[in-house]
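Asker: One predicted model, sequence on top.
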Amino acid sequence: MEEFKTIRELYEACLYGDDILKDSIDGVALEGWIRTNRDNGSIGFIELNDGTYFKNAQIVYNHDLENGDAISHFLSGTSIQVKGRFVLTPNMKQPFEIQATEILLLGNCDLDYPLQKKRHSFEYLRTIAHLRPRTNTFSAVFRVRSILSMAIHEFFQNQGFVYVHTPLMTSTDGEGAGEMFHVVTDEKDPEAFFGKKASLAVTGQLQVEAYCMAFRDVYTFGPTFRAEKSNTTRHAAEFWMIEPEIAFADLEDDMALIEDCVTYCTRYVLENAPEEMEFFDKMICPGLLERLKKFTETPFSKMTYTEGIELLKKAVKEGHSFENPRIEWGMNLESEHERYLTEQVTKGPLFLTDYPKELKAFYMRDNEDGKTVAAVDLLVPGIGELVGGSQREERYEVLKEKMEKRHMNLKNYEWYLDLRRYGTCKHAGFGIGFERFLMFITGMENIRDVSAFPRTYKNLEY
């Protein structure tokens, strides 16, 4: 008789109608953690989770077992080994149960275990980030995070992209914003180690462009760092970025890749995490599954920044109430403005293009009007900006002049300018904040709740 060793195996056998499943089988051996333990006197019920599946397995035991009385006192959080008999229970809430023949204690759990059988606030759970993966919500969040990571790699690998590991320490500011963490080994001499100032990377884009000029289609996916003194639900000091770069491509090509990428990854999660997504739809964000399904089926609209500003001005004149009602060309759009355009105007995903060049990074290609750049943001209902991208400035003299106007240290960027001297070509790329994408897919509202150990302003635990 085949022995089942994980809860996932048992659920999948039920789901796919495995031939070896009859009314009952004896070969079950599980190891996991007790979620709840309920003793009804002569019989007891343990909800066991072993980390392999979102749902628990119900373990039924009785006091006839050699250590039956001791088992009834096992606390939530305790790790145990269970051997027993698998029994189908089609008329019960769960499709099967395990009738225990042996339960062994592997690791006791102290009485002050903070996760009890009640709902805990997300704020409280952030204070015990090392334990919160054991709750339903965060079990679902971090399993989906893993699955979404796989979706990213599968999407790009299936299209022949080369995965590049870009450096986490750098002497250049990829965004030109100056909000960087500095790497120091000697406080008296910050340049002692490298011979120049070093910082944690805010992006891997500049370095991945170099590989784009050799491999054509490339991407990097890794941690980035921003020293913004911001305490919002959308900003973190450490987060992950997905940054592809494509050669011989313009802004239209960039938008096509963005649309393909985010819809593929969303479908991938829906298909590969059905239990977790049903949980989010039921417990976290009602209507989430319908919204995501519509997202994957709705063609993305396109609109220029200038057209968007005019529509927002019109909305104010017609009485729409914004927290920031002063709408003018050249302003940075707030999340409420972005959401209005996607939720009230296009009623679906929106590519907003051709932003004023003063609002965007130095590397974005100037448009012929002299006022805007070939930039794009993907705006989505419920969240606002999800993706930011652009066609890159491939013209050496134009790029150099833009950098000089921003008083950038050209010596640090000589290598980047070289890419425009040695076989330049039009190219484009984009960046997706991985945590923000995860928030969009799960319906979670705070970036601290989709990061395993969040690093935010005034917070550096663990």
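Answerer: Okay, I see it. Residues are numbered from 1 along each chain as shown.
Asker: residue boundaries of the helices in the stretch 301-450 of the chain?
Answerer: 305-317, 335-340, 396-405, 414-421, 434-442 (DSSP state H, counting those that start in this stretch).
Asker: Compare those helices and give me the one nearest residue 264.
Answerer: helix 434-442 (12.2 Å; C-beta to C-beta). In this view, the C-beta of every residue, glycine as well, is placed from N, C-alpha and C.
Asker: what does that closest one rub up against?
Answerer: Helix 434-442 is contacted from outside by 140-141, 144-145, 148-149, 152, 221, 234, 236, 239-242, 262, 265-266, 269, 280, 284-285, 288, 292, 380, 382-383, 386, 444-447, 450-451, using C-beta atoms under 8 Å, 6 or more residues apart in numbering.
Asker: Stretch 211-222 now?
Answerer: Contacts of stretch 211-222 (C-beta under 8 Å, 6+ apart): 149, 152-153, 156, 159-166, 168, 204-205, 207-208, 240-248, 419, 422-423, 425, 427, 429, 434.
Asker: taking those one by one, which sit in helices?
Answerer: If you go by DSSP state H, the contacts of stretch 211-222 have 149, 152-153, 156, 205, 207-208, 419, 434 in helices.
Asker: Residue 241 and residue 397, how far apart?
Answerer: Going from residue 241 to residue 397 by C-beta to C-beta, to the nearest Å gives 30 Å.
Asker: How about residue 273?
Answerer: 49 Å.
Asker: And for residue 69?
Answerer: 84 Å.
Asker: For residue 92, what are phi and psi?
Answerer: phi -110, psi 180 (degrees, to the nearest 10).
Asker: Per-residue pLDDT of it, please?
Answerer: On pLDDT, residue 92 comes in at 87.
Asker: so which strand or helix has residue 210?
Answerer: According to DSSP states H and E, residue 210 maps onto helix 205-215.
Asker: and the angle from that helix to helix 414-421?
Answerer: Angle of helix 205-215 versus helix 414-421, following axes from the mean of the first three to the mean of the last three C-alpha atoms, to 10 degrees, is 40 degrees.
Asker: need the next SSE after the lengthiest strand in the chain, C-terminal direction.
Answerer: Using DSSP state E to define each element, the chain has its longest strand at strand 24-39. Sequence order places strand 43-49 as the next helix or strand after strand 24-39, per DSSP H and E.
Asker: now that following strand, how far from the chain's geometric center?
Answerer: Centre-to-centre, strand 43-49 and its host chain are 33 Å apart (C-alpha atoms, centre = their mean, to the nearest Å).
Asker: Parallel or antiparallel, list what pairs with it.
Answerer: strand 24-39 (antiparallel), strand 57-62 (antiparallel) (DSSP bridges).
Asker: buried residues in it?
Answerer: 44, 46-49 (16 or more other C-beta atoms under 10 Å).
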